[in-house]
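> Prediction below, plus the sequence it came from.
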Amino acid sequence: MSPKRPRRRSPFWRRKLDAELAAAAPWEARLDLRREILIALVAIPAGAACIGLLIWHRAFVEPLGASPVSVLLILLTAAVAIGWFWWFVLREPGRLWKTLALLIHLPLAFAPISAIDDTEAMALDERGVTEECTVESAEEYVPRSRWNNDMRVRHGMRCSTGTHDHVTSTEHRHDIGTRLQVVYDPEEMVEARVGEPEEADLGGALAVSAGILLLGLAGRIAYVWWRVRRSRRRGTARDRGR
């Protein structure tokens, strides 16, 4: 009789995955699909409205922190962002599930970025001034960011009403003395842009922002439905084994 071969030990990633799946079981068993859908349907549009209001207020009313109303909007938006991040990501058990939840809800982070760009374009379209300005300085610097260490160039441009900054990569650096067409905000609430003025498309901007939010909402509902389904399958398998 041949001796029994020693049982091969599972690789580390497999043991780690099994531990993450086991740790998620109690959390998934407590999930209420109707409650999670209701929270998503209310929290995501309401949070988007708060963020959109702050973006509009900064571009059309006053700079950030210029009044108690602006500070209140900042605090409200921060509370919404923290609440979103906790409920949708940090509430998850284990690093694997937190990472997966973060990837699922990334569209919710892109919506404010799109809204900021569109709102600034609308502000420049409404009250922007277009003129040729002269590059007075070109200063190289490295952004203070974990994700971007590429060298950038900050150009100081002299216009009739003052100076405005324009940041580019080193490949698109402008020489001192170069004349550039600039669209700037005389109220200095929106950053200046170099190039021909663009006509803001309000309908298209709203459609893009709404589409991103709907994508995030659908992703959240589908993700929770999948987790609830996993829990129900596990419970059915456990009942059959008895």
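Perfect, I can see it now. Because the structure is a prediction, the values reported are computed rather than measured. Residues are numbered from 1 along each chain as shown.

> where do the helices sit along this structure?
Ranges of helices in the chain, per DSSP state H, are 12-29, 33-60, 68-85, 95-104, 107-127, 202-241.

> Among the ones you listed, show me which one is buried the most.
Comparing the helices of the chain by mean neighbour count (mean count of other C-beta atoms under 10 Å), helix 107-127 comes out on top with a mean of 18. Backbone N, C-alpha and C define where each C-beta goes, glycine included.

> Specify the angle between that helix and helix 33-60 in degrees.
Computed by axes from the mean of the first three to the mean of the last three C-alpha atoms, to 10 degrees, the angle separating helix 107-127 from helix 33-60 equals 30 degrees.

> quick one: contacts of helix 107-127?
For helix 107-127, contacts defined as C-beta atoms under 8 Å, 6 or more residues apart in numbering pick out 44, 48, 51-52, 55-56, 59-60, 84, 88, 183-187, 189-191, 193, 197-200, 202, 205, 208-209, 212-213, 215-216, 219.

> change it to 6 Å
The contact list for helix 107-127 (C-beta atoms under 6 Å, 6 or more residues apart in numbering) reads 51-52, 55-56, 59, 183, 190, 198, 200, 205, 208-209, 212-213, 215-216.

> Go through the helices of the chain and name the closest to Arg179.
For these, proximity to Arg179 was assessed by C-beta to C-beta; helix 107-127 is nearest, at 19.6 Å.

> picking that back up, which one of the helices of the chain lies nearest to Val142?
helix 107-127 (22.1 Å).

> with the contacts of helix 107-127 in mind, which one is nearest to Val135?
Checking the contacts of helix 107-127 against Val135 with C-beta to C-beta, the nearest one is Val183 at 15.7 Å.

> gap between the residue nearest the centre of the chain and Leu103?
The chain has Ala109 as the residue nearest its centroid, 2.0 Å off, counting by C-alpha atoms, centre = their mean. Remark: distance between Ala109 and Leu103 (C-beta to C-beta, to the nearest Å) = 11 Å.

> shaky segments in this protein?
By pLDDT under 70, the low-scoring segments of the chain are 1-18, 145-149, 200, 235-242.

> ok, back up a step: which of the contacts of helix 107-127 sits closest to Pro68?
Scanning those for proximity to Pro68, where the rule is C-beta to C-beta, the winner is Trp56, at 17.6 Å.

> Identify the residue spatially nearest to that closest one, adjacent ones excluded.
Once flanking residues are discounted, Trp56 sits nearest to Thr119: 6.0 Å by C-beta to C-beta, 6 or more residues apart in numbering.

> Give me the angle between the strand ranked longest in the chain and helix 107-127.
As assigned by DSSP state E, the longest strand anywhere in the chain is strand 129-141. Calculated by the same axes, to 10 degrees, strand 129-141 forms an angle of 130 degrees with helix 107-127.

> State the paired neighbours of strand 129-141 in the sheet, together with their directions.
strand 152-159 (antiparallel), strand 179-184 (antiparallel) (DSSP bridges).

> who wins for proximity to Gly65 among those strands?
Nearest of the strands paired with strand 129-141 to Gly65, taken as C-beta to C-beta: strand 179-184 at 21.5 Å.

> if we can go back for a sec, compile the helices of the chain into a markdown table and extend it with columns for distance to Ile176.
Output for the helices of the chain, formatted as a markdown table (distance: least, C-beta to C-beta, whole Å):
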| stretch | distance to Ile176 |
| --- | --- |
| helix 12-29 | 55 |
| helix 33-60 | 31 |
| helix 68-85 | 36 |
| helix 95-104 | 44 |
| helix 107-127 | 25 |
| helix 202-241 | 36 |
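
> Which one, of the ones you listed, ends up nearest to Thr161?
Thr161 lies closest to helix 107-127 among these, at 12.7 Å (C-beta to C-beta).
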